[in-house]
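S.K.: What follows is a predicted structure for the sequence shown.
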Amino acid sequence: MDLSGPLWTFEGISPGRGMTESFHLAGGNTASWESAFVPGDVYTDLWRAGKIDDPHFGRNAAKATWVMEQEWWYARSFKLPDSERGKKIRLIFEGVDYACDVWLNGVHLGHHEGMFSPFEFDVSKLVNRGEGRESNGLAIRLAPPPRNYRAVVGRKFHWEGDYWRDLTPLGMWKPVRVVSTGASHLADVHPATKIGADGSATVDVQLTLAGATVGEKPLRATVTLHGANFDGPTYSAEVPVSASTDATTAHVVIQVPEARLWWPWDLGKPNLYVAEVTLFDDHGGLLDRTVKRFGIREIRMEHNPGFTQEEVHYPWTMFINGTPTFLRSAAWGGPPDIFYGRSGPEQYRRLVALAREGNINNLRIFGWHPTEIDLFYDLCDEQGITVWQDLLPMASDLIPPDDATHQAINAEAVAVIKNLRRHPSLVLIEGGEETFFSRHFPQDRESTAKFLLDLEKVVRPYTDLPYVPTSPLSHPPFLREHGIGGTKETAHTHQQFYQFGEKIIEDEVRGWDYAAIPEFGVTSAPNVGSIKRFIPADEIWPPGPSWGYHWADLDVFRALNYQVFGDERTGSLEDFVAATQVAQGTIFQYGIEYMRRRKPKSTAISICHLMTFAPDFKWGIVDAYQVKKRSFDYVQRAFQPLLVSLQHEKRRWLPGEKFTGQVWVVNDYARGFENCAIEIAITDASGTPLWRNVQPVAAIPSSSSASVTGVPWTVSGRLGDVFRVTLTLRDHDGRELSHNFYDLLCADQEQARLECARRAREFQAVRNQFGYHNYYRYYPALSGETRNERTDDASVPAKGFPKP
């Protein structure tokens, strides 16, 4: 019985007072309480009830911080039919954020902390059964949410940071279920797979049983396998199982000849199987049943060529079913909404579909975001998109050294991997995220390093997936004292944002000699229509304080617009927004293609992000309303599995200068191509042809990257002109295989380099004066610069933008 839905009520009260008011006895008798929806969150329920204004709009979230000062009670009733008499009844919570207590029919069942670990209670002796009996009253008390992330690291995601403010999420974010079984039940089912050299597969369905012994004879477990998304044979097996009051394990092994393997979408079909598992007592009576969907695939890692062991410690070349893959990745900035009650299945489906549309073959969930709901991984399984997963959110903070914290985190990690390991899309797991960037509690560095290394040992009994302890692995140097990472292992290349593009992207990438880049971040504004949905009308243009509140780093936008266009583009809202998105896309394209041309020395790059979980002016190439930004198209082109790419050492060229670009072909497919040709066309801003050439390409090997030809053109035009280089790869029948283009400038590269650096230093000085998180620096009426001027309007425009 799924208790999800609108039959819940909720009420807030001062901490501790709920018990004195007998809220724990409420159950379904809560007529004066507000209606609620589970799964969901407190803020969304309050917003629906009219108790708070939409916290996504303007600076409303700052007015809702009172919510975090109360405890919140949720209640509902349910009935069980007579048919459930004599059965074991368990009450299962799949996920509660963060700390809660549970009562059933006035009896306290227990306390739980940790948003990622499911928990359950045997309520067989407490529940009322039968239509003529009373309903069962369920009450849950949510404690006030934590305000200090360090106190809950690894057990709750890092809600602070640089794309969210003020409100700590809380709520029952996953379903609550009532489950009926016999005395013994299936506590865990995991189909482990191994591929044979002859194309067959061994599926070892590992069963964990819990519950009292039923009779003297062994129980029976049956397993039936069949295709989930394809038609094929059915395979079955049965084994006897001895059940005890403690957990019992059993293995049901099934051979699958000519197994249909699960592949990422760019290497094959994402074939999926279903395992139907049934448990019977010694008389053939049904005790329990469950269905698990899974895939047959194997992951192997090899060291990247061209690096020493000191430079790169971990293997970063991933082989899926024996085939190498380059991870064309994007950070999943989920859930779709930080307020869980506003995230629905259709949002997940659209976002995963957009990832596939963007030629992304990997989504990375790192420590600023929670482990996702099952639907996300199901969709990735179906779409053939791999997942690179931080086991738990341990982001930008050192971990407290006490044993209690370590044990609690380890328990959450085991719960997470046991739930996720059946998904074939899950291919790489990680410990921490920017863990050693923290300047606080430096005395905990040693214990944190040891903990992240030991975490692999904790989860290893449950998975054979490759594990890396943290990201990035090449900074700081302290890591190498503990054998974590090498000098050229992995880096987070966010300098374009955090350093205002002081070093332009063409110069920055020359230092990217890394095996993988787990994060490459550039920001942009959301679409104009989206801005109007969360910014008050009188603050839309010029940018008012709500822009800053939603993390618009206006100086970064101005700096990167200048880098890409030679102009800040602050003349109008439409021009400014478009420019930020094109600048983001241009920089992403340049960095992505640089790393892809390095293949096989480099084997992964992940942009930061596909999207984020709230309306903001930050990382995503899809905005919070699931509308693609212009930058999406640039990433989509740069992530083509078969990519025709222009290597150009600079974006500005003087008239009369010899253009020195090189054309490359990068192939991520497991198949090659023959007798192809590349058309190279250069046009001016109006589309007038300036130069054209066709270069034959005899063969493009599978999983390869190679330079094909130069572009021997002398730049024409005048200073200030824009020219476009278009590349089209076609097969021998003239069918288009890859299409790409680049807009370049007739301008002085050295002059632009110096001007970008000057602007960056100027902007950095202002940020240093006020602090990174302080958006008042853009608004004289808020920063104190105009405190000697009388004004009643705090919405004066931002500096650097035209006055209305």
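M.R.: Alright, I've got the coordinates.
S.K.: spatially speaking, which residue is in the middle of the chain?
M.R.: Relative to the mean C-alpha position of the chain, the nearest C-alpha, by C-alpha atoms, centre = their mean, is the one of W332, at 2.3 Å.
S.K.: just checking, it touches H369?
M.R.: Yes - between W332 and H369 there is a contact under C-beta atoms under 8 Å: 6.7 Å. For every residue, glycine as well, the C-beta is placed using N, CA and C.
S.K.: partners of the host helix or strand of A681 in the sheet?
M.R.: Secondary structure from DSSP states H and E places A681 in strand 673-684. Based on DSSP bridges, the pairing partners of strand 673-684 within the sheet are strand 689-700 (antiparallel), strand 722-730 (antiparallel).
S.K.: between those strands, which gets nearest to P545?
M.R.: Comparing the strands paired with strand 673-684 by their distance to P545 (C-beta to C-beta), the top pick is strand 722-730, with 34.9 Å.
S.K.: What's the mean pLDDT across that closest one?
M.R.: Across strand 722-730, pLDDT averages out at 98.
S.K.: who's in contact with that strand?
M.R.: Counting by C-beta atoms under 8 Å, 6 or more residues apart in numbering, strand 722-730 makes contact with 642, 644-646, 648, 661, 663, 665, 676-685, 690, 697, 711, 715, 717, 736-746, all of which sit outside it.
S.K.: from the chain's centre, how far out does the strand or helix carrying Q389 sit?
M.R.: Using DSSP H and E, the element containing Q389 is strand 386-390. Distance of strand 386-390 from the chain centroid (C-alpha atoms, centre = their mean, to the nearest Å) equals 8 Å.
S.K.: With stretch 331-344 instead?
M.R.: Going by C-alpha atoms, centre = their mean, the spacing between the C-alpha centre of stretch 331-344 and its chain's C-alpha centre is 10 Å.
S.K.: Would you map the helices across the stretch 651-800 of the chain?
M.R.: Ranges of helices within the stretch 651-800 of the chain are 749-770, 780-783, based on DSSP state H, counting those that start in this stretch.
S.K.: Please identify the deepest-packed of those helices.
M.R.: Looking across those with neighbours counted as mean count of other C-beta atoms under 10 Å, the highest average goes to helix 780-783: a mean of 17.
S.K.: C-alpha coordinates for that helix, PDB please?
M.R.: Taking C-alpha atoms only, helix 780-783 is exported to PDB below (Å, rounded to 0.1, in the frame of the first residue of the first chain):
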ATOM      1  CA  PRO A 780      25.000  51.200  -4.600                       C
ATOM      2  CA  ALA A 781      21.800  51.500  -2.600                       C
ATOM      3  CA  LEU A 782      22.500  48.200  -0.800                       C
ATOM      4  CA  SER A 783      26.300  48.300  -0.600                       C
END
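S.K.: host element of R141?
M.R.: Here R141 is covered by strand 136-142, with elements defined by DSSP H and E.
S.K.: Check which residues of the helix or strand just after that strand are buried.
M.R.: Toward the C-terminus, strand 136-142 is succeeded by strand 176-181 as the next helix or strand (DSSP H and E). When neighbours are counted by 16 or more other C-beta atoms under 10 Å, the buried residues of strand 176-181 are found to be V176, R177, V178, S180, T181.
S.K.: and strand 176-181, what other elements does it pack with?
M.R.: strand 88-93 (3 or more C-beta pairs under 8 Å, 6 or more residues apart in numbering; DSSP states H and E).
S.K.: Counting neighbours, what do you get for G344?
M.R.: Burial of G344 is recorded as 12 neighbouring residues (other C-beta atoms under 10 Å).
S.K.: Please tell me how far it sits from Q626.
M.R.: Here G344 is placed at a distance of 11 Å from Q626 (C-beta to C-beta, to the nearest Å).
S.K.: Please enumerate the shared neighbours of the two.
M.R.: Residues within reach of G344 and of Q626 at once, by C-beta under 8 Å, 6+ apart, are P336.
S.K.: coming back round to it: highest mean neighbour count out of the strands paired with strand 673-684?
M.R.: Most buried of the strands paired with strand 673-684 by mean neighbour count (mean count of other C-beta under 10 Å) is strand 722-730; its value is a mean of 20.
S.K.: and the strand holding R141, what other elements does it pack with?
M.R.: Contact analysis of strand 136-142 by 3+ C-beta pairs under 8 Å, 6+ apart lists strand 71-78, strand 99-104 as its packing neighbours.
S.K.: partners of it in the sheet?
M.R.: Within its sheet, strand 136-142 is paired with strand 71-78 (antiparallel), strand 99-104 (antiparallel), according to DSSP bridges.
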